[in-house]
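Enquirer: Below is the structure, and that's it, no one-letter string:
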C-alpha cells in the first residue's frame, strides 16, 4: 500500500499535473463506491436581491410559524416557490442611538449586521463595513473568474446595496447586453473544455491531514471500548474531510447545465413597473448562466431603488410617494396602490427564482444549490420604520439550508438571518453584527 | 476616568439607598417619557369640499407652467421628479433647483424655501367642518366663526387654525390611531437620537382626583425601543437641568383625567425637524390614563408660525417633491390665519392656534447626580 | 495584589482544618476514565491562553449535550460529526493563519528559521514541542512531534514558505483528537498500592478545567512532569494556587452557567406583543445578573451558598431595571455597553434570591405566559437535584392554556381545574405549590399582583414547609437540606465528568457533611473536591482497550 503522504509529496514536488480519480481510489481503501454514491456536489452559490419600500405589515407575514404555513396576500406571486423559500418575520434593526437614515439603515443592517454610523440620506448604501455578499464572495468566490457580479434593474450604477466597506459602493451593471458581453464575450472559456490544474494548496492540506488520521492506531490502543467507538466516529469524520478535499483535486464534473444565455438583448431602457420585469428577466438569465458555467458564485441584484419612482399605470405618483401619501383604505385596511406595487415587486423576485429553478442539474436545479437573501429597506414604508423587517431566503444552499419554513423572532436583531445564511454557506463564524445587532443565535432549526 | 467611576459608584449607592425607602415622601410622583408627539390634524368627512391640495407632480406642472416652460419641457422635467438630476432644463438646472429658485424679489431669483413670501400665495385649500381636536384658547365661543368643537370633550370654541391650514394636505389626513405621514415620520426619525422629553406629576395621592404639579424636562438620553419597536416603558432617564427645557405648571386630576389649570409657556429643545426650541404660548394640556399605565391626550396653544414653517423647510424643496407640501402655500396660509401675538410694529399676528397629539409611557426620572429620584408611573 | 487572592488563601486554610475534623475517610471507589470533548468556552480559553486573546476564532461548535443535569457530563458522551469537523477545520485554519501571520510570528514562534522561504525542521520542532505540549495538555511523544514537524516541512517546501508550513501543520494539530478531546490516562496509585489513579497530566487537566474552566498552565504541567501530582501534598499545593487565582471566578461561572442551564437562553424568545421589554439584550443580561450575584456572594463575600435564595443584593443594568421596574440610569458613555450597578432590594420587597430573577422565572416560562408547573419542575431538578417525570404524552392542556377564561382568571384556578386527572395530580402536587409562589413574576420577570384583574394568591408549600410568597419560598429552599447537598453532588459530578452512581453515595454523603461543617462556603467545597482522592481515583481500566488488531488501523 502506498504511503499517502509519499504520493502527495511526489505530486507537490513536481509541476501541476492533471489528477484523476484512480490515484485517490488507491488511497481510500479502494472504496470508490463511496465517491460514486456521493457524487460531486456542484458548488454552492449566493446572491442578495433587494427591493425598495418593503411590504405592508400584516399582508406578508404567514399566520403560523414552522414548516406548514400559507403565504400571505402580498407574497402570492411567489406561491410556486413556497417550498423553496424561508420567510423571516418580526426582526428589528437596533439603532443604539444612531439616526435612522431613511431607506438606508434598514437594508444596511440586514446586509452588514450593523446600523450604519453615517448616512447620505439618499437611500443607497453608505457603510464602513462589508455587506454579506462581499463576505461570502471572499469565502467562496475567490477562485472563480468573477468574484461577484452586481446588477441593477433600475439601470443606474449607483443603485447598489453591495459594498466591500470603506463607504464605497460596488457599482452595478446597468445594461443586460453589457453584462452579457462581460461574461460571455471574448474572454469566456467553456468550463467543459478547459484543462484542469489541481490546486496545490488543497494538496498540501490533504497531505497534512494524513498526520491527523495516522494518529488513529496509537490512540485506539489507549482507549476503552466506549471511547473507542466515539474515536471511531471522529476518525470517520476525518476520513470524510479527506474525501472532500480529494474531490476538490479532481477535474471538476463537466458543468452539464452550462450554456450560453438565450438572448443577447438589452431590453427597454425606460424604467417603469412593467419594463423592469423584463429587465429582471434578462439580468436573471445572464446571472443564471454565469452561475451554471462557474463564472461566478456570488451576485447582488437590485430590483428597485429604495425609494422606487415606478408608477402604477394611471397614477401620477411613484411607488415610494404612494407609500407615504396614499390614505389607508378604510374598508380594505391598507393602501391599495402600495399593495399593487408590492405584489409587482414580488413578481420580480419570482421571475429570478423561476429562472434559477429552470436550470436543471441532474436531479436538482440551480436554485437548489443557490441561496438568495432577499430584503428591503423598511419595515413599514409609510413611516420609514425599521421594525418587523421583510426578509426572505430562497434556495437550499446545496442542501445546507432547509426550506419552506416561516421563522418568527419578534424583537430580535435582523442580523440573525445574516448569521444563519453565512453558516449555511460554510463561513466559519459563530457571531455576527455589532452593538445591539450583534448575535450568536442562528436559526439552527433550518441549518441542515 | 477615575472620577467617572467614583461618580457611578455614588449613583449606584444612592439608588440602592433610595430603593430601601421608597415611601419617604409625603406626596406621590409619577414620571413619564414622551413616546409620540405630532400635530393633531385628524381628518373628518367632507372637510375638504374643494378637494385636497395637489400632489407633487401636479404642483410642479403648475410651477413650471408659471415659469413659462413649454408642454414638452414640463414633460421632460417631470420625468426626473423622483430622481433628482435625471432631467435638466436648457440652463442645466434640475427640477429641485428650479423649484427652489422660483422666488422673485425685485426681478431677482431668490430661494423660495428660505423666503417663501417671494412667491405669490397659491391659496391652498383650507380644511373646514365642525370638529377639531384642541382647546378653547381665547375663551370665546359664540363670536368666533373659525372655532370648532372638540370631538372628544365636545368643548366648543376650540382654536386650532393650524388644522385648517394643514388639513387638506394628504400628509396630514389620517384618523386615530393612524399617524399622519409627514409629522409622524419626523418624530419617528428624531426620537432615537433626540434627548427624550420627560413629564413628572406630583400630588398628594395620584390615585384620586385633586391638585397636582406637572413638570416637563428634557433627558440626557434618547428614548429606548422595546422588542416591538415602540418606546420602552419603565426606563430610567437622567434630567438635564437646562432651564430652557424646564416647564412647571399647576394642574389637577378630574375623574382620572389630567388637565392643567392655567395657561403656560411650553418650551422644550428638540431636533430641528420638531422645533429647536419647540415653543407653544398659552399652552393647555389634557391627558387620559390608559390601561397599560400610558397617558394619551393633547397639548394645545399658539405656536409661532415661523417656527412651524422652518421645521418643514429643513428638507428644502424636498418637502414639496417628497411630501407634496406647497411651501409658499403653507407659509401664506399660516400667515393669513395666525391669531395670536401681534407684532408691536405692524400689528400682524405671529402665532397660530394649534393642537398636538401627545402620548407618554411610564419612566423613571432621576436628577443628574441621582441623589433625588421620582417614583415610576407604576 | 488582588484582594481576592488573599481571601481565597484564607478560606483554603480554614478548609484544611475543618476537613480534618469532619471527613476522615473518603470511601469513593472512583469512576472510569472519561474522554471529554472541549466545550466551546474551553476551546476559546485554550486558544486565548496559548496564542493570546486577540486571536479571533470564528466558526461554530457542535451542540453540547446535557446528561444528568450537566453539559459537563455530556461532554464525555458526544462525538465529532463530519460537518462538525468541517467547522473545526475552518476555525483551525483561521487560527493557524493568525498565529503565523507577519505581526504575530515574532512573539508566538519562539525561533527564527534560517530562511523564511525554506523548511527549517529545527525551528519547527522547537515550536511544536512548546505549543504542542500546551495544546495536548501533555508533552508530545517523539513520533507525534516527528509527524507534525514532517508535515510542516513538506508544506513549507510545497509553498516555499516556512511559516505557511508551520501554519498548515498547526491547523491540523488543532483538529486532531488529542486536542479536541481531553484524553485521560490511569496509573497505579503509588500512595495506595493496588488502586488506580489518574496520571499527572490527567490530574492537571481535571484540576484546571474544574477550577478555571481552562487548560493547565505551565506551572501545572511542570508539576505533572515532576510527579508532584501523584501525591496528595502536591495536588493540594496546586489546588490552593488555582483557588487563590482570580481565574477561579471564570471557573465558578462556567459551573453555575452549566448547573442553572443557561444554554437554554440561546433559544429563548418571548411574545413581544405581551412582553415588549424582554429584548434580546434582556435575554443576555438575565443570566449575567445571576452569575454576578452568585460570584459576589460566594467568592468575593465568601458567603453561605443557601443565601443565594434569600439575598436582596444583586446587580442590574438599565435594561434589567426596565424589566423589573426599578430605576437604573444608563451611566455608560454613548454607544458603549451598559454598566452593571450593584442594587439592593429594600426589606420587605417581593424580590429576594435568584428564584425571583429573570434567569429563573423567564427561562422557565412559556413565551406568552408564566408556568407554575415548569418553574416548580425546574426548581426541583436544578436546585434540589430531584427527578420529575415528564408529563404523559396524551395530556389535554386546553384548560391550563386558556388564559382568557373568564371563570379561571389566575394560573392557580386553571391548574386546579386541570389537575382533576389523577395521573397528572401526583406530579402537579409537588410542582405547582412551588411554582405558584412565583406567580407574582410574569414570563418576562415583571412584578404583578393581579392576573386578569384578580389578585394572585402566592401561598404554597415545599416539602411540608408552608409559605406565603416568593420570599417565603426562597427561605424554604434556603432551609431545605436538599439544596446544599444538591450543589455538592453536582459540583463533584461536574469535576469528574460523569454521573454519580450508588457507589458514590458514601463519599458524597461525607462531602455534604463537610460542606455543612464549612458553613456552606463554596471555596471550601471546591477545595475539598479538588484535593479529594475521589476526584482522581479510577475504578478500573477497560480491559478491551488494547484488544484492537493493529492491522485494522491502516487505511
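Expert: Yep, it's here. Remember, it's a predicted structure, so these values are computed and weren't measured experimentally.

Enquirer: From here on, just use CA atoms for contacts and neighbour counts.
Expert: Noted.

Enquirer: distance of the residue in the stretch 251-378 of chain B positioned nearest to chain C from residue C:274?
Expert: Relative to chain C, the nearest point of the stretch 251-378 of chain B is residue B:364 (5.8 Å; CA to the nearest CA). Taking CA to CA, to the nearest Å as the measure, residue B:364 falls 21 Å from residue C:274.

Enquirer: and if you look at residue C:166?
Expert: Applying CA to CA to residue C:166 and residue C:274 gives a distance of 56 Å.

Enquirer: Kindly report the same for residue B:33.
Expert: Counting by CA to CA, the separation of residue B:33 from residue C:274 is 20 Å.

Enquirer: Is it correct that residue A:382 falls within a helix?
Expert: Yes. Applying DSSP: H, G, I helix; E, B strand; the rest coil, one finds residue A:382 inside a helix.

Enquirer: Next, work out how far apart the one residue sitting closest to the centre of chain A and chain C are.
Expert: For chain A, the residue nearest the mean C-alpha position is residue A:46 (2.6 Å; CA atoms, centre = their mean). Distance of residue A:46 to chain C, computed by CA to the nearest CA, to the nearest Å: 19 Å.

Enquirer: these two touch, right, that residue and residue A:370?
Expert: Yes. Between residue A:46 and residue A:370 there is a contact under CA atoms under 8 Å: 5.5 Å.

Enquirer: Need the overlap of contacts for those two.
Expert: Overlap of the contact sets of residue A:46 and residue A:370 (by CA atoms under 8 Å, 6 or more residues apart in numbering or on different chains) consists of residue A:397.

Enquirer: For residue C:434, which non-adjacent residue is spatially closest?
Expert: Spatially, and ignoring its direct neighbours in sequence, residue C:434 is nearest to residue C:376 (5.2 Å; CA to CA, 6 or more residues apart in numbering or on different chains).

Enquirer: Please give the element, helix or strand, for that neighbour.
Expert: helix C:372-378 (DSSP states H and E).

Enquirer: which stretches of the chain have low pLDDT?
Expert: Looking at chain A here, since you left the chain open. A:1-41, A:118-127, A:142, A:166-168, A:194, A:252-253 (pLDDT under 70).

Enquirer: um, chain B though
Expert: For chain B, the ranges with pLDDT under 70 are B:1-26, B:82-85, B:142-143, B:369-378.

Enquirer: Residues of it that sit close to chain A?
Expert: Proximity of chain B to chain A (CA under 8 Å from any CA of the partner chain) is limited to residues B:55-57, B:82-83, B:170-171, B:173-174, B:181-182, B:184-185, B:188-190, B:192-193, B:222, B:226-229, B:322-323.

Enquirer: so where does the closest residue in space to the residue of the stretch 251-378 of chain B closest to chain C that isn't next to it in sequence fall, helix or strand?
Expert: Excluding the flanking residues, the one nearest residue B:364 by CA to CA, 6+ apart is residue B:236, at 4.4 Å. Using DSSP H and E, residue B:236 sits in strand B:235-240.

Enquirer: Beyond that strand, next helix or strand please.
Expert: Strand B:235-240 is succeeded, C-terminally, by strand B:246-254 (DSSP H and E).
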